[in-house]
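Engineer: compute the structure for the input listed below.
(one chain, ligands or ions: 1)
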Amino acid sequence: MTAIDDLGWMNGGSLAETGGPWRIGFKRKMETSDYHPFIEVGKELGIRFQGLFVLAEMDRLNILKNYPTATQAGRNWDNSENISPEQIKIMNFVRDSSAYLEFGLHGIGHEHWENGKRTRAEWYDMENDKPWDESDLHKHVEGYKEILSQYGLDKTNGHSFPESFVPCGWALYWNPEGEYSTTSVLQQYGIKFANTWFEKVEELNPPIKFGGGIDHGVLVLNRYNYGNDWYMVGKLPERPLKEFKTNVIETHWSNWLATDDFLQESLNRKWIDFFKNIQASPTHYYAKNTEQFYSQWLYKKYTKVTRKKSGEIIIDNRKMPDEIYENSLLGLLTLKTKLEKDEHISYAEIDGKQIPSYYEDSGFGFLFIPKLEKKKYSVKIKIGKQIPENIVINNGTSNIYSIEKVNNNLIFELRTYGTQEIEIKTKNFKKISSLNKNIRVVKKRFDTESRSLFVTLTANDFQGETGKIKIYR
Ligand SMILES: [Zn+2]
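Structural biologist: Residues are numbered from 1 along each chain as shown. Below you'll find the predicted structure:
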């Protein structure tokens with residue numbers, strides 16, 4: 001999974017020399033087109049990148065005056081120079097692109113200020129190795145929510161608070177045994193998934209060796225930087241994949257931007273090749289979205305998968321900790337199988353039940369197995385010339401949770417993001433309806449020859465919607 005930190009600034013140049021934030025280390029104004037690169041790459045590959053936003057310069061009503069520790073100006077905060085129609089254009093574009101870009105929480109001003117004096121960083125005082133007052137963290141989340149509301153991204157309009165979080169400057173108050181930690185506050189607002197560079201707060205003994213852990217219901221994973229520092233324009237990770245010690249790939253906004261428009265396309269191409277290379281590796285898989293990635297990390301940690309010569313796959317999930325279920329952190333398991341030319345997975349079931357979604361890429365077949373209980377399972381697959389009937393071909397970024405067959409009709413439960421198309425293999429088709437009013441069917445097309453139903457769905461909540469769609473046949 002790839003995190004993109006520091007989105008949301010209206011200006012790129014660093015103000016660090018005069019006690020302000022570093023921003024993105026690229027001295028120019030930021031605009032809507034600066035959000036195009038990862039969305040174009042995500043569209044091409046079927047990835048929803050984890051974007052992490054700082055919102056200070058998006059404040060259109062100067063509400064941050066009331067949150068003095070969030071900016072260098074404190075109570076004298078005045079954002080007039082950034083207030084423009086471009087802000088609305090950016091936030092609407094980000095909302096409408098949520099199939100390929102997740103809106104995650106990073107911070108307001110990135111650091112912590114008291115009377116204009118800056119301390120690193122917003123969610124934990126790493127200069128003095130001590131946590132900020134718990135009330136200060138609540139204030140920062142409230143300020144963040146107020147700015148989101150200025151763009152209609154709130155509960156009133158059916159939008160949830162972000163699920164994903166990356167602490168600014170990697171400064172996280174890791175304290176799972178204590179009463180208060182960074183994530184004990186954030187989980188109250190809906191944060192479930194976080195990632196950071198644990199070594200930066202080594203004094204707190206985060207689970208570096210284990211690669212991640214749960215702090216107050218939030219699954220926090222470790223990450224490193226592989227040679228693409230935050231200010232490096234148009235820079236991909238330098239180190240080869242086999243040397244990556246973590247599964248989270250750290251990037252920052254500048255890494256995705258070329259110095260001029262005519263150079264952008266070739267940079268996007270480099271990123272596409274980078275991800276294709278991951279997908280072509282038999283030992284790696286790039287997850288389609290954050291939920292899937294964290295789920296796969298848990299299965300890799302706790303679940304034993306044994307492939308037998310007969311083609312049967314035994315999945316032993318009895319060691320999955322209860323805490324994972326209690327905090328609803330588990331979802332799909334992805335199984336990757338090598339395919340030769342013209343080969344497909346032609347049959348796939350788990351304990352006699354059909355597996356609801358599948359797709360093919362880079363010479364592999366990927367099966368998405370519904371959430372496992374603490375049990376031992378048997379998966380049977382066959383390789384043949386044809387893809388099975390009644391299955392979703394998941395080329396987009398949704399999660400397909402289950403399939404049900406009722407009177408020859410098909411009901412799929414799924415979580416979908418933004419506006420995207422899904423393909424369903426079905427012999428015949430009469431009509432389709434969504435059983436959740438917040439998921440709309442905006443387009444459909446049935447191709448009788450390939451027996452494929454193509455459906456475009458739009459989710460209202462920019463954090464995604466879960467619901468069922470029914471296909472009448
Ligand atoms: Zn940052």
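
Engineer: going along the chain, name the helices of the stretch 101-250 of the chain.
Structural biologist: 134-149, 182-186 (DSSP state H, counting those that start in this stretch).

Engineer: make CSV out of those and add mean neighbour count.
Structural biologist: In short, each C-beta sits where N, CA and C put it, glycine included. CSV is the format used below for the helices of the stretch 101-250 of the chain (neighbours: other CB atoms under 10 Å):
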stretch, mean neighbour count
helix 134-149, 18
helix 182-186, 24
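
Engineer: okay, those helices in a markdown table with mean pLDDT and distance to Ala121 next?
Structural biologist: Formatted as a markdown table, the helices of the stretch 101-250 of the chain follow (pLDDT from 0 to 100; distance: least, CB to CB, whole Å):
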| stretch | mean pLDDT | distance to Ala121 |
| --- | --- | --- |
| helix 134-149 | 98 | 11 |
| helix 182-186 | 98 | 11 |
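
Engineer: format the ones you listed as JSON lines; extra columns: distance to the ion.
Structural biologist: JSON lines is the format used below for these (distance: least, CB to the ion, whole Å):
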{"stretch": "helix 134-149", "distance to the ion": "14"}
{"stretch": "helix 182-186", "distance to the ion": "14"}
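
Engineer: residues contacting Leu367?
Structural biologist: Neighbouring residues of Leu367 by CB atoms under 8 Å, 6 or more residues apart in numbering: 334-335, 337, 345, 348, 355, 357-358, 379, 381.

Engineer: buried ones in stretch 464-473?
Structural biologist: Neighbour-count burial for stretch 464-473 flags 464-465, 467-469, 471, 473 (criterion: 16 or more other CB atoms under 10 Å).

Engineer: state the mean pLDDT of that stretch.
Structural biologist: Mean pLDDT, stretch 464-473: 98.

Engineer: now for the nearest residue to Pro321 once chain neighbours are set aside, how many residues are close by?
Structural biologist: When the adjacent residues along the chain are set aside, Pro321 lies closest to Tyr302, with 7.0 Å between them (CB to CB, 6 or more residues apart in numbering). When neighbours are defined as other CB atoms under 10 Å, Tyr302 has 16 of them.

Engineer: got it, and Pro240?
Structural biologist: Applying other CB under 10 Å, we find 9 residues neighbouring Pro240.

Engineer: for it, report the pLDDT, please.
Structural biologist: We have a pLDDT of 90 for Pro240.

Engineer: so who does the residue in the stretch 151-300 of the chain that the ion sits nearest to touch?
Structural biologist: Nearest residue of the stretch 151-300 of the chain to the ion (CB to the ion) works out as Cys168 at 4.8 Å. Cys168 makes contacts with 54, 106-107, 110-111, 121-123, as judged by CB under 8 Å, 6+ apart.

Engineer: one more pass at 10 Å, please.
Structural biologist: Contacts of Cys168 were listed using CB atoms under 10 Å, 6 or more residues apart in numbering, and they are 5-6, 21-22, 52, 54, 106-112, 120-124, 196.

Engineer: check Ile191 too.
Structural biologist: Counting by CB under 10 Å, 6+ apart, Ile191 makes contact with 104-105, 141, 161-165, 182-183, 185, 216-218.

Engineer: which one of those is nearest Ile39?
Structural biologist: Gly104 (14.8 Å; CB to CB).

Engineer: my guess is that closest one meets Tyr144, correct?
Structural biologist: No. Using CB atoms under 10 Å, Gly104 makes no contact with Tyr144, being 11.3 Å away.

Engineer: which residues do those two both contact?
Structural biologist: Here Gly104 and Tyr144 have 53, 162 as joint contacts, going by CB under 10 Å, 6+ apart.

Engineer: show me which residues of the stretch 151-300 of the chain are close to the ion?
Structural biologist: Contact residues (CB under 5 Å from the ion) of the stretch 151-300 of the chain with the ion: Cys168.

Engineer: quick one: the helices in the stretch 301-450 of the chain, in order.
Structural biologist: Using DSSP H, counting those that start in this stretch, the helices of the stretch 301-450 of the chain run over 322-326.

Engineer: the residue of it found nearest the ion: neighbouring residues, count only.
Structural biologist: With CB to the ion as the measure, Tyr417 is the residue of the stretch 301-450 of the chain nearest to the ion, at 23.2 Å. Under the neighbour criterion other CB under 10 Å, Tyr417 is assigned a count of 27.

Engineer: now do the contacts for Lys270.
Structural biologist: Lys270 sits next to 41, 234-236, 258 when contact means CB under 10 Å, 6+ apart.

Engineer: and those residues, which two are furthest apart?
Structural biologist: Greatest spacing in the contacts of Lys270, by CB to CB: Val41 and Lys235 (14.8 Å).

Engineer: who has more neighbours out of those two?
Structural biologist: Val41 (22 against 19).

Engineer: name the nearest residue to that one, sequence neighbours excluded.
Structural biologist: That would be Trp271: by CB to CB, 6+ apart, it lies 4.9 Å from Val41.

Engineer: count of neighbours near the one you found?
Structural biologist: The number of residues packed near Trp271 is 22, by other CB under 10 Å.

Engineer: check the one 10 residues further on too.
Structural biologist: Other residues near Ser281 come to 15 when the count uses other CB under 10 Å.

Engineer: my guess is it contacts Lys338. True?
Structural biologist: No. Counting by CB under 10 Å, Ser281 stays clear of Lys338, with 11.3 Å between them.

Engineer: overlap in contacts of the two?
Structural biologist: Counting by CB under 10 Å, 6+ apart, the residues touching both Ser281 and Lys338 are Phe364.

Engineer: just to revisit the earlier point, identify the farthest-apart pair in the contacts of Ile191.
Structural biologist: Distance extremes for these: the farthest pair is Gly104 and His216 at 17.9 Å, using CB to CB.

Engineer: of these two, who's got more company?
Structural biologist: Gly104 (25 against 21).

Engineer: for the closest residue in space to Tyr286 that isn't next to it in sequence, give its distance to Gly42.
Structural biologist: Ranked by CB to CB, 6+ apart and with sequence neighbours excluded, the top spatial neighbour of Tyr286 is Ile278, at 5.0 Å. Applying CB to CB, to the nearest Å, the value for Ile278 to Gly42 is 14 Å.

Engineer: so those two - more neighbours on which side?
Structural biologist: Shown here are Ile278 and Gly42; by other CB under 10 Å, Gly42 has more neighbours (25 against 17).

Engineer: what's the burial count for the residue nearest to the more buried one when sequence neighbours are not counted?
Structural biologist: Nearest residue to Gly42, sequence neighbours excluded (CB to CB, 6+ apart): Tyr100, at 3.2 Å. By the criterion of other CB under 10 Å, Tyr100 has 24 neighbours.

Engineer: and Tyr100, how far from Arg445?
Structural biologist: From Tyr100 across to Arg445, the span is 21 Å (CB to CB).
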